[in-house]
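S.K.: missing the sequence, but the structure's below:
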């Protein structure tokens with residue numbers, strides 16, 4: 001299925017122009033994550049027997065919110081990986097693109113809600129609004145982490161807050177809209193909660209260079225600092241290769257990866273519980289898609305992390 005990012009890219013290319021299209025193209029990795037939200041949500045809605053309109057609208061709502069917050073978050077963080085590729089782009093262009101997705105979100109909400117029963121609509125909107133605020137609050141965590149030395153447990157809690165909030169928003173919202181029972185909502189939400197914590201930990205490794213330059217110490221640096229206490233390593237931000245080699249040498253990457261895999265394994269077990277009595281192609285596809293992400297996670301090693309990130 002074409003996801004919202006696909007549709008928007010085509011739209012901005014045709015009506016808005018090259019600048020916004022270029023910016024959206026640069027967010028390939030974020031688009032992949034956003035599409036994961038879309039596909040998960042879509043398959044759950046279809047599994048519960050919802051029609052195409054409801055399934056697509058809910059999926060696109062999750063994707064729109066993720067892309068809007070992701071783009072705005074990068075503007076706040078001033079991430080080098082984005083800025084280097086957009087030196088000639090105005091900051092306003094990026095703000096406009098993030099705003100564009102928020103507008104899409106509002107439009108999609110307007111298109112979805114008439115298709116839901118009144119009581120279901122109210123529960124869905126209440127759940128989505130509450131969890132959206134939790135997600136928004138969690139995105140501010142990076143700013144509070146700047147130049148602060150966190151323990152492993154404190155850093156892990158930050159990952160749980162940021163990743164878990166996305167999982168709960170995505171799966172809790174669609175389960176509520178689909179009138180799932182309490183047990184199913186809990187299992188589905190907890191599965192997504194653990195999966196997206198795992199993906200957030202990996203995303204922090206991917207952003208390691210930018211985070212260290214900005215004085216943000218995620219799980220891998222926190223592990224190193226807890227075991228060695230020498231923060232001077234991170235003062236040499238120009239020698240990022242040396243920092244990564246030290247993190248690998250001292251087991252920080254291995255610990256971080258094993259932690260992510262542990263959350264992934266919990267997610268897989270919870271999804272199996274949820275699907276135990278579910279039949280039909282959409283549930284099969286959900287399990288297969290979930291399993292593909294988990295296998296990719298399980299195949300990573302600390303050596304491949306150094307090469308990849």
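M.R.: Ah, there it is. If you're wondering where the values come from, they're calculated on a predicted model, not measured in any experiment.
S.K.: Name the next helix or strand downstream of the helix or strand bottoming out on mean pLDDT in the chain, please.
M.R.: Every helix and strand of the chain was ranked by mean pLDDT, DSSP states H and E. The lowest is helix 80-83, at a mean of 50. Using DSSP states H and E, the helix or strand that follows helix 80-83 towards the C-terminus is helix 91-112.
S.K.: Which strands or helices does the very next helix or strand once past that following helix pack on?
M.R.: Counting by DSSP H and E, the next helix or strand C-terminal to helix 91-112 is helix 118-138. On a contact count with 3 or more Cβ pairs under 8 Å, 6 or more residues apart in numbering; DSSP states H and E, helix 118-138 meets helix 52-77, helix 152-177. C-beta coordinates here come from the backbone N, C-alpha and C atoms, glycine included.
S.K.: could you dump these to JSON lines with mean pLDDT?
M.R.: Output for the helices and strands packed on helix 118-138, formatted as JSON lines (pLDDT from 0 to 100):
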{"stretch": "helix 52-77", "mean pLDDT": "79"}
{"stretch": "helix 152-177", "mean pLDDT": "88"}
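S.K.: any chance of these in JSON lines, with mean neighbour count too?
M.R.: As requested, these are exported to JSON lines (neighbours: other Cβ atoms under 10 Å):
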{"stretch": "helix 52-77", "mean neighbour count": "22"}
{"stretch": "helix 152-177", "mean neighbour count": "23"}
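S.K.: Just send those back as CSV, with distance to residue 229 too.
M.R.: Below are those laid out as CSV (distance: least, Cβ to Cβ, whole Å):
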stretch, distance to residue 229
helix 52-77, 27
helix 152-177, 13
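S.K.: right, and those helices - which one's nearest residue 271?
M.R.: Residue 271 lies closest to helix 152-177 among those, at 10.0 Å (Cβ to Cβ).
S.K.: buried ones in the next helix or strand after the closest one?
M.R.: Using DSSP H and E, the next helix or strand after helix 152-177 towards the C-terminus is helix 182-206. Buried residues in helix 182-206, defined by neighbour count with 16 or more other Cβ atoms under 10 Å: 184-205.
S.K.: Quick one: distance of the next helix or strand after helix 182-206 to the chain centre.
M.R.: Downstream of helix 182-206, the first helix or strand assigned by DSSP H and E is helix 208-213. The chain centroid and the centroid of helix 208-213 are separated by 18 Å under Cα atoms, centre = their mean, to the nearest Å.
S.K.: and residue 215, how many residues sit next to it?
M.R.: 14 (other Cβ atoms under 10 Å).
S.K.: In three-state terms, label it for me.
M.R.: coil (DSSP: H, G, I helix; E, B strand; the rest coil).
S.K.: gap between it and residue 243?
M.R.: 13 Å (Cβ to Cβ, to the nearest Å).
S.K.: Give the residues shared as contacts by the two.
M.R.: Shared contacts of residue 215 and residue 243, defined by Cβ atoms under 8 Å, 6 or more residues apart in numbering, are found at residue 234.
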